[in-house]
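S.K.: Just to be clear, the model below is a prediction. Sequence and coordinates:
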Amino acid sequence: MALTSGRAHTSSEFESELQELRRVLLELGAKVEAMMAKSIESLTRRDSEIAQTVIESDLEVNQLEVDVNELCLQIVALRQPTSVDLRFITTGMKIASDLERVGDLAVNVCERALELNEEPPLKPYIELPRMASASSQMLRESLDSFIKEDVVLARKVMASDDEVDDMNEELFRELLTYMLDNPRNISRATRLTFISKYFERIADHATNIAEAVLFMVEGRNPRRELM
Amino acid sequence: MVSNAVMSEQEAEFETTAYHPVESELGSVIDIENFSFWYSEKQALFDNTMKIQKELVTALIGPSGCGKSTLLRALNRMNDLIDGIRSEGKIAIEGTDIHDPRVEVIELRKRLGMVFQKPNPFPMSIFENVVYPLRVDGIRDRNLLEETCERSLRDAALWDEVSDRLQDNALGLSGGQQQRLCIARAIASEPEIILMDEPCSALDPIATARIEDLIAQLKENFSIVIVTHNMQQAARVSDNTAFMFLGRLIEYGETKKIFMNPMNVRTSDYITGRFG
């Protein structure tokens, strides 16, 4: 079933508040996606300047998350939303908090990148960019599924989470061999392990967003099916 | 703009009622089967079928003219007072067809107490208002009258406010108190069902909250059907909600599902305010 018949609200103010919420959420999503892309770039190109800009942009993301939450609370308090509107608003709040966390993780990647850039590279980055690209694809698709109310895409995102988990596991094992091989590798290998974990966490947040989209569209929590 | 494709999908959905009420452990109290109703030539209800559950609160919602008040009034045959009406289909209260010629309308209405939009106490004492249905039945036993008065006023959450002035004129009560008095009068004859037609629309928010609280208490002993324009009120007080549109039952289901995840686009459009 379509979420609505496509009609606008009789109350044009309510309608414009929902549009505004949508706009702020999309802005937040776009900012976080850009942060993530730049964090990968700073790592692979060993570019500390880019890392610094990502760290600074986190403030804007935090501000947008606060904006989303305030707007949602205002709509709940003043409009008593129901049905699809209620689900859109509660989903919006959840997505905003997931996106804010992704922003924090992108910052964490950059912080580790700054540290790694101080030393010669431990090894060529092959696995890590693959993992980064898999998790950023999940994030992008989860946001697309939100915009398009696309449950098929949301389910695809949820199914991809295991792949990223496996990559994280693989990379961990590989880095462990570096550490066992030479104790002087430990500090760099540990930082790379952290970064791998950050990407794995980002994939988890993308999965949360996809689940929230399923709830928004279908009205039931996909996690219920697993209980 | 609504595309033609969407419209036709809606039209398709319009034909079948989404039906998912919570069921009472006690079963249904009113069974409405293929009920249609006409005011002279104008058809107001089209082939409605629903089971109203016993000792639960059922809210009827929908835009003006959707037939919800007509349906409510059909339940105790209040529409009989209007000339030129006609109906088809069946309404049964606990298995008894209300249109059966052997059914006495007065007896039927004793089983379904009614509360109206504006409080309508009689210009007499609080006591006489409450025991009025018993007086009509010719009951003179003072003890019985007093017992009924106290029990009804207690059940209507008004006793504590009026117990020391039962002989005062009821018109001196506040609007909210008058409405609770009318509820006390409606339950004095021990009906099984209470019908409420916009019972709070003339009341302030505090008096409204009292009545809503009272509805929650009353459903322990009565089945309640309430017509309301206030959707938040329907959401707050009812177990099941029926959404009607143009004389048809569009969706009848568990209230929390109707307000969080309705099955029909028309229901969703109405409760979210995308209508008209």
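M.R.: All right, it came through fine. Residues are numbered from 1 along each chain as shown, chains lettered A, B, ... in the order given.
S.K.: Enumerate every residue touching the closest residue to chain B within chain A.
M.R.: Residue nearest to chain B within chain A: A:Gly219 (3.1 Å; C-beta to the nearest C-beta). No exception for glycine: its C-beta is placed from N, CA and C like everyone else's. Going by C-beta atoms under 8 Å, 6 or more residues apart in numbering or on different chains, A:Gly219 touches A:87, B:260-261.
S.K.: next helix or strand past the helix or strand bottoming out on mean pLDDT in chain B?
M.R.: Lowest mean confidence among the helices and strands of chain B (mean pLDDT, DSSP states H and E): helix B:4-15, at a mean of 51. Using DSSP states H and E, the helix or strand that directly follows helix B:4-15 along the chain is strand B:18-20.
S.K.: and that following strand, is it in reach of chain A?
M.R.: No - judged by C-beta under 8 Å from any C-beta of the partner chain, strand B:18-20 stays clear of chain A, getting no closer than 10.1 Å.
S.K.: neighbouring contacts of that strand?
M.R.: B:50, B:250-254, B:257, B:262-264, B:267.
S.K.: same deal with stretch B:121-132?
M.R.: Residues contacting stretch B:121-132 (C-beta under 8 Å, 6+ apart): B:135, B:139, B:145, B:148-149, B:152-153, B:162, B:165-171, B:173, B:178, B:181-182, B:184-185, B:188.
S.K.: Inside helices: which ones of the residues you listed?
M.R.: B:135, B:145, B:148-149, B:152-153, B:162, B:178, B:181-182, B:184-185, B:188 (DSSP state H).
S.K.: Could I have the buried ones of these as ChimeraX selection syntax?
M.R.: Buried residues among the ones in helices among the contacts of stretch B:121-132 (16 or more other C-beta atoms under 10 Å in any protein chain shown), as a ChimeraX selection:
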select /B:145,148,149,152,153,162,178,181,182,184,185,188
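S.K.: farthest-separated two in the ones in helices among the contacts of stretch B:121-132?
M.R.: Largest separation among those by C-beta to C-beta: B:Leu145 and B:Gln178, giving 20.6 Å.
S.K.: Surely B:Leu60 is in a helix?
M.R.: No - using DSSP: H, G, I helix; E, B strand; the rest coil, the assignment for B:Leu60 is strand, not a helix.
S.K.: Can you report how many residues neighbour whichever residue of chain B sits closest to chain A?
M.R.: Using C-beta to the nearest C-beta, B:Asn261 is the residue of chain B that sits closest to chain A, at 3.1 Å. When neighbours are counted by other C-beta atoms under 10 Å in any protein chain shown, B:Asn261 registers 19.
S.K.: From B:Leu72, how far out is it?
M.R.: According to C-beta to C-beta, to the nearest Å, B:Asn261 and B:Leu72 sit 26 Å apart.
S.K.: Quickly find the element holding the residue most central in space within chain A.
M.R.: In chain A, the residue lying closest to the centroid (C-alpha atoms, centre = their mean) is A:Val102, at 4.3 Å. Element membership for A:Val102 (DSSP H and E) is helix A:83-116.
S.K.: Show me what that helix packs onto, helices and strands only.
M.R.: helix A:12-44, helix A:48-79, helix A:127-148, helix A:186-218, helix B:255-260, helix B:265-272 (3 or more C-beta pairs under 8 Å, 6 or more residues apart in numbering or on different chains; DSSP states H and E).
S.K.: Single out the most deeply packed of those helices.
M.R.: Of these, the one with the most neighbours on average (mean count of other C-beta atoms under 10 Å in any protein chain shown) is helix B:265-272, at a mean of 25.
S.K.: That one: how far from the chain's middle?
M.R.: 22 Å (C-alpha atoms, centre = their mean, to the nearest Å).
S.K.: coming back round to it: if you count neighbours, what's buried in the helix holding A:Val102?
M.R.: Buried, per 16+ other C-beta under 10 Å, within helix A:83-116: A:83-96, A:98-114, A:116.
S.K.: Run through the bridge partners of B:Leu249.
M.R.: B:Met244 (DSSP bridges).
S.K.: how about it, what does it touch?
M.R.: B:17, B:48-50, B:242-243.
S.K.: Find me the pLDDT at it, would you?
M.R.: Note on B:Leu249: pLDDT of 97.
S.K.: Brilliant, that's me finished.
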